[in-house]
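Undergrad: For reference, the sequence and a predicted model appear below.
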Amino acid sequence: MQVLSNAGKLARALGTRTFLGDTKYRFVSSLTQINSFRLSSLQSQLHTDTSSGRRMAALATTDLSDSNAALLVTGELRALDPIFKIYGKRHAFSGPIVTVKVFEDNVLVRQLIESKGEGRVLVIDGGGSTRCALLGGNLAVAAQNMGWSGIIVNGCVRDVDEINACDIGVRALASHPLKSNKKAVGDKHVTVRFAGTLIHDGEWLYADNDGILISKTELSI
């Protein structure tokens with residue numbers, strides 16, 4: 001009887017220890033999942049400053065507009081009309097602007113994308129044409145690899161699934177399956193006008209899920 005009693009005590013002790021160990025495992029597992037979620041959320045709010053290799057927080061367009069209301073009055077800060085669709089993995093991006101003006105011809109677009117992006121944003125004024133695409137999957141991959149922060153297209157893109165797999169921000173009017181002409185007609189580094197405002201080469205662009213801001217200078221909040 002004493003042996004059976006001791007065996008029972010041992011079984012109860014082992015059972016308790018097993019329960020505590022299982023509880024500890026579940027707690028650690030839950031804590032790991034929470035930390036992973038927090039890390040994922042934080043990473044989604046970051047973008048790469050490709051000119052320095054640093055990770056830096058993206059500035060929300062809502063905060064920027066609220067904190068720089070005086071610049072909205074003077075026109076040094078403007079919001080683009082909400083006419084663009086969102087493509088690419090990077091929903092929030094910013095950087096100095098490089099402009100190019102073309103019409104149904106993307107040779108100059110390719111030339112710029114294949115140069116070092118250094119965290120800049122390529123603004124393509126395609127005249128609002130929806131008859132062909134000015135940016136496709138290959139150019140999106142090239143832009144990602146060359147360090148461009150984002151691309152704004154006043155026109156269309158194609159290879160949407162490929163673009164959405166790239167770590168770059170892209171905005172465009174729509175998608176279209178047809179490719180553009182290859183005549184190298186257009187102008188680089190010129191002032192363009194679309195989406196309700198003038199955009200100058202060298203200005204700053206800030207984009208996120210709420211919209212796109214154009215600023216004469218780099219902003220802070």
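TA: All right, it came through fine.
Undergrad: those strands in the chain, which residues are they?
TA: With DSSP state E, the ranges of strands along the chain come out as 46-49, 54-57, 77-79, 85-87, 93-101, 121-125, 133-135, 150-157, 169-175, 187-188, 192-194, 197-199, 204-208, 211-215.
Undergrad: Turn these into TSV, columns for distance to Ser65 and mean pLDDT.
TA: C-beta here means a position set from N, CA and C on the backbone, and glycine is covered the same way. TSV is the format used below for the strands of the chain (distance: least, CB to CB, whole Å; pLDDT from 0 to 100):
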stretch	distance to Ser65	mean pLDDT
strand 46-49	19	46
strand 54-57	17	46
strand 77-79	7	98
strand 85-87	19	98
strand 93-101	13	98
strand 121-125	18	99
strand 133-135	27	98
strand 150-157	18	98
strand 169-175	17	98
strand 187-188	29	98
strand 192-194	20	98
strand 197-199	14	98
strand 204-208	9	98
strand 211-215	7	98
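Undergrad: Which one of those strands lies nearest to Asn181?
TA: Asn181 sits nearest to strand 133-135 of all the strands of the chain, at 10.1 Å, using CB to CB.
Undergrad: so how far is the closest one from its chain's centroid?
TA: Between the centre of strand 133-135 and the centre of its chain there are 18 Å (CA atoms, centre = their mean, to the nearest Å).
Undergrad: residues near Ala69, how many?
TA: When neighbours are defined as other CB atoms under 10 Å, Ala69 has 9 of them.
Undergrad: Quick check, central residue of the protein?
TA: Arg90 (2.0 Å; CA atoms, centre = their mean).
Undergrad: Any figure for the gap between the residue lying closest to that one once chain neighbours are set aside and Gln111?
TA: Nearest residue to Arg90, sequence neighbours excluded (CB to CB, 6 or more residues apart in numbering): Gly169, at 4.0 Å. For Gly169, the distance to Gln111 equals 21 Å [CB to CB, to the nearest Å].
Undergrad: Look at these two and report which has more neighbours.
TA: Between Gly169 and Gln111, Gly169 has the larger neighbour count (other CB under 10 Å), namely 28 against 13.
Undergrad: Pop out the phi and psi values for the residue nearest to the centre of the chain.
TA: With angles defined as degrees, to the nearest 10, Arg90 sits at phi -90, psi 100.
Undergrad: I'd say it and Gly150 touch.
TA: Yes: using CB atoms under 8 Å, Arg90 is in contact with Gly150, at 6.7 Å.
Undergrad: Could you name every residue contacting both of these two?
TA: Common neighbours of Arg90 and Gly150, using CB atoms under 8 Å, 6 or more residues apart in numbering, are 168-169.
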